[in-house]
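Participant: Return atomic coordinates for the entry below.
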Amino acid sequence: MKKNGKSRVGKKKNSTKKQLMYVGIVIAIVLIGAFIISISIGKSNSNKNKADIEKSSIQDKKIGSEKAKTSENKEDSKSNSTADESVSNESENESKVTDSSNEIDKKKENSNSSSDNKNLAKVYTEEEKQGINNQFLEWSDGRAKIAGMAVSGNYFNHGASGIGDWYALSPDGFIQVQQQDLEGKPGYSHFPIHSLGGVVFYYSNFGTTGNTNEVDNPENNSSTATGFSTVANSEKPIVKYLLGDNGVVYESPSNGAFSDCFYVADNTGNLTALYEPNTQKSFKVSDDKEAQEKLKEILEKYNN
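Facilitator: Numbers count the residues shown, from 1 in each chain. Model prediction:
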């Protein structure tokens, strides 16, 4: 009996040990499984993170590449724009240079043409000038009588002055009227036009008509400063005609003074130094067509 009881107790102990062992094995298996699952999850997360990192890196590379391309395009665009501007500027500069060159050539041509005209223009002697003026005065005699006017060849005179040249203004340039100094101040060649003479039309206080020397009479003209003030009716027109060696007749209304409408250069030859700006009056090309034709007719005799 005792042996059987011991035997049963032993069997129970063995059974309990086996159960504990099985439980331990199961727990171990569970822990191992959990550990394996944990490792697997960790690897999965690690792989996912790597994939995310790689994906992010790829995206960053793409973005960087796109930015680089955009930057290159911008630089290319800027470069092209700069190149276009450079080409445009070069073209514009070339155009300006061409225009400037053409303008210089034109100026040279005009200068040469003007110089040629000056060199080719006839230089009249004092005797020839006097002859030309006398013929024009004779023609003016008839015109003055028709108009009931007097006409005089004493178109210019002056009192004491410096050594500068006397001149008149015209639409065609300065007209030399008198060269006082032998060398000229500024001199003959400085003027494009030179006076051949002139006449003065006026209404006489004495009723004189046609060509007259009454202004030269000492009783009527006590001094050069008197001018036409004694012989001419100042309430009526007094008109000066000036004959240019370019074959043009110029005219200007006058106040009757011999030097009216004429100006003098200073002793250095400066034409405007003695006058305030815009105070000098200019002759105009005469509208008297018959006078223009007559001067050309007279000059033909001296130019042939």
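Participant: burial count for the closest residue in space to Lys236 that isn't next to it in sequence?
Facilitator: Excluding its sequence neighbours, the residue lying closest to Lys236 (C-beta to C-beta, 6 or more residues apart in numbering) is Tyr203, at 4.2 Å. Heads up, the C-betas are built off the backbone N, CA and C, glycines and all. Tyr203 has 20 neighbouring residues, counting by other C-beta atoms under 10 Å.
Participant: Correct me if wrong: Tyr203 contacts Val231.
Facilitator: No. With contact defined as C-beta atoms under 8 Å, Tyr203 does not reach Val231; the gap is 9.7 Å.
Participant: Are there residues contacting both of these two? Which ones?
Facilitator: Counting by C-beta atoms under 8 Å, 6 or more residues apart in numbering, the residues touching both Tyr203 and Val231 are Ala150.
Participant: got a list of what Ser152 touches?
Facilitator: By C-beta under 8 Å, 6+ apart, the neighbours of Ser152 are 199-200, 202, 211-215, 228.
Participant: Return a ChimeraX selection command for the buried portion of the residues you listed.
Facilitator: Buried residues within the contacts of Ser152, by 16 or more other C-beta atoms under 10 Å, are selected in ChimeraX with:
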select :199,200,202,211,212,214,215,228
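Participant: In strands, which of the contacts of Ser152 appear?
Facilitator: 199-200, 202, 211 (DSSP state E).
Participant: quick one: which of these is nearest to Glu128?
Facilitator: Distances from Glu128 to those, taken as C-beta to C-beta, are shortest for Val199 (17.2 Å).
Participant: show me what contacts the closest one?
Facilitator: Counting by C-beta under 8 Å, 6+ apart, Val199 has contacts 133, 136-137, 140, 151-153, 155, 240-241.
Participant: now Ala225
Facilitator: Ala225 sits next to 159, 257 when contact means C-beta under 8 Å, 6+ apart.
Participant: So it belongs to a strand, correct?
Facilitator: No. Assigned with DSSP: H, G, I helix; E, B strand; the rest coil, Ala225 falls outside any strand and is helix.
Participant: Lys145: how many residues sit nearby?
Facilitator: The number of residues near Lys145, taken as other C-beta under 10 Å, comes to 14.
Participant: give me the beta-bridge partners of the nearest residue in space to it that is not next to it in sequence?
Facilitator: Closest residue to Lys145 apart from its sequence neighbours, by C-beta to C-beta, 6+ apart: Gly210 at 4.4 Å. With DSSP bridges applied, Gly210 shows beta-bridge pairing to Ala150.
Participant: is it true that Gly210 touches Ala147?
Facilitator: No. Gly210 is not in contact with Ala147 according to C-beta under 8 Å; the separation is 10.0 Å.
Participant: which of those two has more neighbours?
Facilitator: Per other C-beta under 10 Å, whichever of Gly210 and Ala147 has more neighbours is Gly210, with 16 against 13.
Participant: How about the contacts made by that one?
Facilitator: Counted by C-beta under 8 Å, 6+ apart, Gly210 has contacts 141-142, 144-145, 150-151.
Participant: need the contact list for Val285.
Facilitator: 170-172, 248-250.
Participant: and the contacts of Ser152 as CSV, adding pLDDT and distance to Thr272?
Facilitator: As requested, those are exported to CSV (pLDDT from 0 to 100; distance: C-beta to C-beta, whole Å):
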residue, pLDDT, distance to Thr272
Val199, 98, 27
Val200, 98, 25
Tyr202, 98, 29
Asn211, 98, 35
Thr212, 97, 35
Asn213, 94, 34
Glu214, 95, 35
Val215, 94, 30
Phe228, 95, 27
